[in-house]
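Visitor: Quick one, fold the following:
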Amino acid sequence: MLRRPAVAGTWYPADPSRLTADLRSYLDAADTAPDDRTVPNDATLIALVAPHAGLMYSGPVAAHAYRLLRQRTFDAIVLVGPSHYVAFDGVSVWPAGAFATPLGNLPIDERLAADIAAACSDVVERSDAHAREHSLEMQLPFLAHLAPGVPIVPLVMGHQTRATADALGDALAHALRGRRALLVASSDLSHFFDARTAAALDRDVIGDIDRLDPEGLMSRLERRPEHACGGGPIVSVLRAAHTLGASASRVVRYADSGDISGDKQSVVGYLAAAVWQ
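Guide: Sure, this is the predicted structure:
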């Protein structure tokens, strides 16, 4: 069961050398950027939130989250992202095999995938939900570069209901307890507002994440789902992280697509966040 890339060569370089050079440039810039929203070096990292737009847009932001993988090791990485192309109830897991990337294959942690599915009846197998989906794929270049060989569990959320988000969060906490695993939620923020309006909308989501408040975020999304296309995955990951003992959460970078395109009249918001103990 090899899931082949759907957007390599379009959303990010398919050539390994060029892709590696791009990743290094984003990580180097993140390392040297002045930032007072740092994560303690001795913190136990439990979760990240990262965007999933084309790499030239989201990569400079995502790098602020993924740079935290340096000097840290994990036995598995669980990815949760929204479904953009297939509408369905529940969450689709890719249960075995590997996800291919230009930098090598990332194997599936089959035991952990099975444990998550066993803990939540909402978790099903739907390969069609993964076939074209970019929300998880856009995380893979950073993982293949910084954590090569670490197995993953890919989860795509369909309808982002409170019941689904809560059930998945509880299942993740149950399955990951006692494991040295990292959770990653994939989400962009508001879409196609002018930059000032987008920043105001996105500020609310940033506040919920900074407060480690999945309930507050879920209530906000029920009122205005346009706050975040992957809001449900963020809720699940924050809920699981809190149950697993997370004590702090922080958005470490915010930007919008206009910072790259120059068009501030219609932007997509991006954030990078870390959750730790």
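
Visitor: Sticking with H242, tell me its helix or strand.
Guide: helix 231-243 (DSSP states H and E).

Visitor: Only C-alpha atoms, please: export that helix in PDB.
Guide: Output in PDB follows, covering the C-alpha atoms of helix 231-243 (Å, rounded to 0.1, in the frame of the first residue of the first chain):
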ATOM      1  CA  GLY A 231     -10.200  23.400  12.600                       C
ATOM      2  CA  GLY A 232     -11.500  20.000  13.400                       C
ATOM      3  CA  PRO A 233      -8.100  18.400  13.200                       C
ATOM      4  CA  ILE A 234      -6.700  21.200  15.500                       C
ATOM      5  CA  VAL A 235      -9.400  20.500  18.000                       C
ATOM      6  CA  SER A 236      -8.700  16.800  18.000                       C
ATOM      7  CA  VAL A 237      -4.900  17.300  18.500                       C
ATOM      8  CA  LEU A 238      -5.300  19.900  21.200                       C
ATOM      9  CA  ARG A 239      -7.800  17.700  23.000                       C
ATOM     10  CA  ALA A 240      -5.500  14.700  22.900                       C
ATOM     11  CA  ALA A 241      -2.400  16.800  23.800                       C
ATOM     12  CA  HIS A 242      -4.200  18.200  26.900                       C
ATOM     13  CA  THR A 243      -5.300  14.700  28.000                       C
END
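
Visitor: which helices and strands does that helix pack with?
Guide: strand 45-50, strand 76-82, strand 152-157, helix 162-176, strand 181-186, helix 195-210, helix 214-223, strand 267-276 (3 or more C-beta pairs under 8 Å, 6 or more residues apart in numbering; DSSP states H and E). Glycine gets a C-beta too; all of them are placed from N, C-alpha and C.

Visitor: One more pass at 7 Å, please.
Guide: On a contact count with 3 or more C-beta pairs under 7 Å, 6 or more residues apart in numbering; DSSP states H and E, helix 231-243 meets strand 45-50, strand 76-82, helix 162-176, strand 181-186, helix 214-223.

Visitor: any idea which residue of this protein is furthest from its center?
Guide: Q265 (26.0 Å; C-alpha atoms, centre = their mean).

Visitor: doesn't that one fall inside a strand?
Guide: No. Under DSSP: H, G, I helix; E, B strand; the rest coil, Q265 falls outside any strand and is assigned coil.

Visitor: What is the burial count for the closest residue to it other than its chain neighbours?
Guide: Leaving out its chain neighbours, the residue that sits closest to Q265 by C-beta to C-beta, 6 or more residues apart in numbering is D194, at 5.2 Å. Neighbour count of D194, defined by other C-beta atoms under 10 Å: 14.

Visitor: swap in L2?
Guide: Every residue meeting other C-beta under 10 Å relative to L2 is counted, giving 8.

Visitor: Show me what it is bridged to.
Guide: When assigned by DSSP bridges, L2 has beta-bridge partners A98.

Visitor: what's the pLDDT at it?
Guide: pLDDT for L2: 98.

Visitor: got the contact list for it?
Guide: 97-98, 100 (C-beta atoms under 7 Å, 6 or more residues apart in numbering).

Visitor: Closest to A117 out of the residues you listed?
Guide: A117 has its nearest neighbour among the contacts of L2 in G97, at 15.1 Å by C-beta to C-beta.

Visitor: returning to what we had before: could you single out the nearest of the contacts of L2 to E110?
Guide: Of the contacts of L2, the one sitting nearest to E110 (C-beta to C-beta) turns out to be G97, at 8.5 Å.

Visitor: Give the closest residue to the closest one in space, chain neighbours not counted.
Guide: G97 sits nearest to M1 (C-beta to C-beta, 6+ apart), 3.0 Å away.
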